[in-house]
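Peer 1: Give me coordinates for this.
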Amino acid sequence: MSESASSHDSPPAPTIAGDSQTTAANESDTNAKCQTAIQSLSSIVTTTTIPSTISLLLDDSSVSAAISSLLQRPDSGSGDNNLCRWLYDTFQSTEPSLHLLVLRFVPLIAGLYLSRVPLRQPQAGFEAVLLALYAHETTSRAGQAVTVNIPDLSHPSIYHESKGPAKNNSTCLNIAVVSSTLDPHGTVRSTRRARIVGVALELYYSEISRMPRESKLDFCGACEKWAGQNGETRAGVVPEEEESVGVARSEKDGGRIPLPWELVQPMMRILGHCLMGMKVEDREVKEAASKACQSLYLRALHDINPKAILAAGSLLRLREMALDPKNQIDHTEISNDNVLSV
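Peer 2: Below you'll find the predicted structure:
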């Protein structure tokens, strides 16, 4: 009887049937959301065939070109624009693949939006998309700032003995703010505009390794337009200050905008990836990023912006060092000159 009772009291053995059913239901829900987004996009983009899967849609150059063409229309940023509404609704989904699809067009949306601000034309559609990105990042970070601890040479490392009195690390932390705290915003005002667009660029940077090259080229082009400088300098060489401060603004610089640090910082991070994080054979993106850095460097000298001067100048120096043949040496290889034959 005791054996029978104990077998009755013991819980049933775990099975994976429930987990399998849950996974299948989640996949079905994901596919349904993606198909709904694709069908909605098909009614907006009628000049080309829309792929049947989101993974193919992200890398489809013909669809991206068609969407970019629609975004560049003069009335594309209005509140009743169907494409802006589709981008907004698509990003409200919880599917990461749909988020990537919207983020792919962030450089173009941000570039058009900021360049059109002086025209004082309605851009409620663009603002709705940018606010959706800002709200997503605010929620995911709980409004908290992103910080890093910078090593302080005044503190001894664990590998060295300290001759002086030990310092309390908890009171002497050298903390740098990568992204400041986020307050919820329901509208875009002139005092918040740079911060909201900057956060959208931070979100884009977090997924930049998965973005297609055309998206990165759009961003580099937007940076050149925002800088409003001609950028006519020798490729790969940082312009001398005395030659750059007096450079006149080009007559074609129609997209010149104010560049506060909250906007410049994510711009530099993205350009740093385009300069140093791309494959060797992708020269077009590297060259576009180099031109954008030169334009921003000239603009920083014109504005006497120390942070932007240091950031843009450092990226150009790093690019110059990477192109120097003297630095194309693999120090892990053993030279034949140092090999002794017995």
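
Peer 1: residue contacts, residue 262?
Peer 2: Residues counted as contacts of residue 262 (CB atoms under 8 Å, 6 or more residues apart in numbering) are 180, 194-195, 198. The C-beta positions use only the backbone N, C-alpha and C, and glycine is treated the same way.

Peer 1: Might you report the residue contacts of the nearest residue to residue 290 once chain neighbours are set aside?
Peer 2: In space, and not counting its chain neighbours, residue 290 is closest to residue 319: 5.7 Å by CB to CB, 6 or more residues apart in numbering. The neighbourhood of residue 319, defined by CB under 8 Å, 6+ apart, consists of 236, 275-276, 286, 290, 293.

Peer 1: Counting neighbours, which of the residues you listed comes out on top?
Peer 2: Ranked by the number of neighbours (other CB atoms under 10 Å), these place residue 293 first, at 30 neighbours.

Peer 1: Check the residue nearest to residue 290 and give its pLDDT.
Peer 2: Residue 319 carries a pLDDT value of 89.

Peer 1: Which element, helix or strand, includes it?
Peer 2: Under the criterion DSSP states H and E, the helix or strand holding residue 319 is helix 306-323.

Peer 1: Distance from that helix to the middle of the chain?
Peer 2: Computed by CA atoms, centre = their mean, to the nearest Å, the chain-centroid distance of helix 306-323 equals 19 Å.

Peer 1: repeat for stretch 290-309
Peer 2: Relative to the centre of its chain, stretch 290-309 is centred 19 Å away, using CA atoms, centre = their mean.

Peer 1: do stretch 208-218 as well
Peer 2: Averaged C-alpha coordinates place stretch 208-218 at 9 Å from its chain's average position (CA atoms, centre = their mean).

Peer 1: picking that back up, for the buried ones among the contacts of residue 262, write the corresponding ChimeraX selection.
Peer 2: Command for ChimeraX that selects the buried part of the contacts of residue 262, burial taken from 16 or more other CB atoms under 10 Å:
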select :194,195,198
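
Peer 1: The contacts of residue 262 in helices, which ones?
Peer 2: Cross-referencing the contacts of residue 262 against helices under DSSP state H gives 194-195, 198.

Peer 1: Would you point out the most distant pair within the contacts of residue 319?
Peer 2: Using CB to CB, those span at most 13.2 Å, a distance reached by 236 and 276.

Peer 1: Can you give me the buried ones in the helix holding residue 319?
Peer 2: 308-309, 311-313, 315-316, 319.

Peer 1: same check, this time on stretch 56-76
Peer 2: Judged by neighbour count using 16+ other CB under 10 Å, the buried positions of stretch 56-76 are 57-58, 60, 63-64, 66-68, 70-71, 76.

Peer 1: Just the residues contacting that stretch, thanks.
Peer 2: By CB under 8 Å, 6+ apart, the surrounding residues in contact with stretch 56-76 are 38, 41, 44-45, 47-48, 50-51, 81, 83-84, 97, 100-101, 104-105, 108-109, 112, 121, 125-126, 212, 214-215, 218.

Peer 1: Likewise for stretch 192-203?
Peer 2: 103, 106, 110, 113-114, 117, 130-131, 133-134, 136-138, 179, 182, 185, 188, 258, 260, 262-263, 265-267, 269-270.

Peer 1: Pull out the buried residues from those residues.
Peer 2: Buried positions within the contacts of stretch 192-203, assessed by neighbour count (16+ other CB under 10 Å), are 103, 106, 110, 113-114, 130-131, 133-134, 136-138, 179, 182, 188, 262-263, 265-267, 269-270.

Peer 1: Please enumerate the helices of the stretch 51-200 of the chain.
Peer 2: In the stretch 51-200 of the chain, helices defined by DSSP state H, counting those that start in this stretch lie at 54-58, 61-71, 82-91, 96-103, 106-116, 124-141, 193-206, listed in chain order.

Peer 1: mind checking how far the residue nearest to the spatial centre of the chain is from residue 116?
Peer 2: Centroid-nearest residue in the chain: residue 205, 2.0 Å away (criterion: CA atoms, centre = their mean). As for residue 205, its distance to residue 116 is 23 Å (criterion: CB to CB, to the nearest Å).

Peer 1: same check, this time on residue 323
Peer 2: If you go by CB to CB, the gap between residue 323 and residue 116 works out to 36 Å.

Peer 1: what do you get for residue 318?
Peer 2: Between residue 318 and residue 116 the distance, using CB to CB, works out to 33 Å.

Peer 1: all strands of the protein, in order?
Peer 2: With DSSP state E, the ranges of strands along the chain come out as 146-149, 175-179.

Peer 1: got the ones you listed as a markdown table, with mean pLDDT and distance to residue 29 columns?
Peer 2: Formatted as a markdown table, the strands of the chain follow (pLDDT from 0 to 100; distance: least, CB to CB, whole Å):
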| stretch | mean pLDDT | distance to residue 29 |
| --- | --- | --- |
| strand 146-149 | 86 | 31 |
| strand 175-179 | 84 | 32 |
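
Peer 1: With distance to residue 28 added, can I get those in a markdown table?
Peer 2: Putting the strands of the chain into a markdown table (distance: least, CB to CB, whole Å) gives the following:
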| stretch | distance to residue 28 |
| --- | --- |
| strand 146-149 | 36 |
| strand 175-179 | 37 |
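
Peer 1: Those: which one's closest to residue 92?
Peer 2: Across those, closest to residue 92 is strand 175-179 (CB to CB), at 22.7 Å.
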